[in-house]
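Q: Next comes the sequence, and after it the predicted model I'd like to discuss.
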Number of protein chains: 2
Amino acid sequence: MASSMKDLSKLCVHTLTTKPWGIEACVKNYSEVGIYGITIWRNVLENKNLNEVRALLDDYSMEVVSLCRGGFFPSVDKGKRDSAIEDNLIAIEQAAAVGAPLIVLVCGADGRQSLEISREQITEGILRILPAAKSTGVKLSIEPLHPMYAGDRSAINTIKQANDMAEMINSDLVGVAVDVYHLWWDDTLKAEIKRCADHDHLFAFHVCDWNVPTTDFLNDRGLMGDGCINISEIRGWVEDAGFKGFNEVEIFSDKYWATDQKLYLEKIKQAYLTKT
Amino acid sequence: MASSMKDLSKLCVHTLTTKPWGIEACVKNYSEVGIYGITIWRNVLENKNLNEVRALLDDYSMEVVSLCRGGFFPSVDKGKRDSAIEDNLIAIEQAAAVGAPLIVLVCGADGRQSLEISREQITEGILRILPAAKSTGVKLSIEPLHPMYAGDRSAINTIKQANDMAEMINSDLVGVAVDVYHLWWDDTLKAEIKRCADHDHLFAFHVCDWNVPTTDFLNDRGLMGDGCINISEIRGWVEDAGFKGFNEVEIFSDKYWATDQKLYLEKIKQAYLTKT
């Protein structure tokens, strides 16, 4: 177990965690309760003037941790692979515009081809957008997703695969996002977290919990303490490996989205301080 | 890819695949269409005279491949662990009674304790029932389950973990069941299948498909060809490793259970011959 959280200084909340809120409500409500880390999902930027968003973030002293999300590189269709590159280049521009130092990549998969081919296309995709990342200084983090998403959302399903890919690409702009939801079951997790950090590839750390039972493949994540993940132990591994970044609360939950979001934000704070 | 299936001689159907049918209907309908391999789920044995079930199986020349299922060993509650042992001993008696040479173990997990402790309790449970297995000659197969079941159904989530456990227990009665549904995403699968067979631990091979998208955690499995699993390639690895047993069709599907089961059995035969 890691030592208990002492304060909120390393707490970041993903805007999708409080999905009913737009970017203004997220910024105002987070900062009002002492949360100054924010990861911005691109849906809240639609039809927004990004200069105004950046000014809003500055006005409320918010620190943007990441932009979610790029990726979805693989497809059997070359045209779709090219479209994905275009979309990722836009994401890099958006990240630079709002001051996000990092983009999380949900890498994608296409069930009509092998996982190996999808992984090759992911590598190719990252290499194609790397020049834009370099010119803006925006980093890219490969997020391994739970194996239950291997058919459609990501062909990167273990932290080992993400580490392998980041080491092969070998750029100080390309690393790994560790999310306890996707990786908690893996008995190599502790060792691979250390390997990741030893290569300076540990770019982000996401927390939530695994409900028992889980009833939906996407939107039944638990608040820390609701489920069975050894969150505090994994945070200890991440910190022991040298990570000093934010603990990002990323919860997709139809259940919590249906509740009062200000009360929910209080629950998130308490769960962060006592169950993370 | 493995070479195409030539006939139905290695086709086995799990009774739960045709859930609306009792044991009599399974036996009669399977044999009527030339399917003589059957894996019996214990629900169809409830309130049955097992000598009569065995006579029925003999009358229709059915070969019992496995009994499903034992396991569910871990619990934070010692009383529940003891109850699980009792239930597994009953399963061994049932297997012997109906002529099943093998019991599939869905090993269990308890989200209130670590996966490591659950795995220790699984090993302990198997060792406790091993004398009964020896006295009856009934084999036990550890079935690694998909990581999405790590919270409640199995703390054995990779074939490597199953191989490790079988090698540690080191009995010719304890091996591994390979199910493509649980393991297809694992990039060590080919190597671990070979390792499993090299230790004479490859006891069973189960097939179905992974639907894209999958909508239910238990009962949305696909018929071979419906989804994205490289079934034929994996069967090739299993056969190349020396496995000569049945290909067991194990599909839990609310969708298919709602259809005419005789028509469904024809679809299973066609999918077996062309998509497996």
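A: Okay, I see it.

Q: Would you mind naming what in the stretch 51-200 of chain A lies close to chain B?
A: Proximity of the stretch 51-200 of chain A to chain B (C-beta under 8 Å from any C-beta of the partner chain) is limited to residues A:111-112, A:114-115, A:146-148, A:150-152, A:157-158, A:161, A:184-187. In short, each C-beta sits where N, CA and C put it, glycine included.

Q: Just the buried subset of the residues you listed, written out for PyMOL, thanks.
A: Applied in PyMOL, the following selects the buried portion of those according to 16 or more other C-beta atoms under 10 Å in any protein chain shown:
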select buried, chain A and resi 111+115+146+147+148+150+151+152+157+158+161+184+185+186
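
Q: Show me the longest strand that occurs in chain A.
A: strand A:63-71 (DSSP state E).

Q: Just the CA atoms of stretch A:238-258, as CSV, please.
A: These are the backbone C-alpha positions of stretch A:238-258, laid out as CSV (Å, rounded to 0.1, in the frame of the first residue of the first chain):
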residue,chain,number,x,y,z
VAL,A,238,3.7,3.8,-9.7
GLU,A,239,5.2,6.1,-7.0
ASP,A,240,8.0,3.8,-6.1
ALA,A,241,8.9,3.7,-9.8
GLY,A,242,9.4,7.5,-9.6
PHE,A,243,6.1,8.8,-11.0
LYS,A,244,5.3,12.3,-9.7
GLY,A,245,2.4,13.2,-11.9
PHE,A,246,-1.4,13.4,-11.2
ASN,A,247,-3.7,10.7,-10.2
GLU,A,248,-6.4,11.0,-12.8
VAL,A,249,-10.0,10.0,-11.9
GLU,A,250,-11.5,8.6,-15.1
ILE,A,251,-14.9,7.0,-14.4
PHE,A,252,-17.5,6.2,-17.0
SER,A,253,-20.7,5.4,-15.1
ASP,A,254,-24.3,5.7,-16.2
LYS,A,255,-25.1,5.3,-12.5
TYR,A,256,-23.1,8.2,-11.3
TRP,A,257,-23.9,10.4,-14.3
ALA,A,258,-27.5,10.1,-13.3
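
Q: Is that stretch in proximity to chain B?
A: No. Stretch A:238-258 lies apart from chain B when judged by C-beta under 8 Å from any C-beta; the minimum separation is 14.4 Å.

Q: Please spell out which residues along that stretch are buried.
A: Going by neighbour count (16+ other C-beta under 10 Å), the buried part of stretch A:238-258 is A:238-239, A:241, A:243, A:245-253, A:255-257.

Q: Please flag which of the residues you listed sit within helices.
A: Using DSSP state H, the subset of the buried residues of stretch A:238-258 located in helices is A:Val238, A:Glu239, A:Lys255, A:Tyr256, A:Trp257.

Q: Just name the closest of these to B:Ile90, please.
A: Of all these, B:Ile90 sits closest to A:Lys255, with 38.4 Å by C-beta to C-beta.

Q: quick one: average confidence on stretch A:138-145?
A: What stretch A:138-145 shows for mean pLDDT is 98.

Q: what's the straight distance from one end of that stretch to the other?
A: Counting by C-alpha to C-alpha, to the nearest Å, you get 22 Å between the two ends of stretch A:138-145.

Q: ok, the ones in helices among the buried residues of stretch A:238-258 vs chain B, which is closest?
A: Closest approach to chain B among these (C-beta to the nearest C-beta): A:Lys255, at 16.2 Å.

Q: what's the next secondary structure element after the longest strand of chain A?
A: helix A:78-98 (DSSP states H and E).

Q: For that following helix, the averaged confidence score.
A: pLDDT averaged over helix A:78-98 gives 98.

Q: Tell me which helix or strand the spatially most central residue of chain A sits in.
A: For chain A, A:Val104 is the residue whose C-alpha lies nearest the centre (C-alpha atoms, centre = their mean; 5.1 Å). Secondary-structure assignment from DSSP H and E places A:Val104 in strand A:102-106.

Q: Contacts for that strand next, please.
A: The contact list for strand A:102-106 (C-beta atoms under 8 Å, 6 or more residues apart in numbering or on different chains) reads A:39, A:65-72, A:88, A:91-92, A:95, A:126, A:133, A:138-143, A:145, A:153-154, A:177, A:203-204.

Q: Can you say which of those residues are buried?
A: Neighbour-count burial (16+ other C-beta under 10 Å) applied to the contacts of strand A:102-106 gives A:39, A:65-72, A:88, A:91-92, A:95, A:126, A:133, A:138-143, A:145, A:153-154, A:177, A:203-204.
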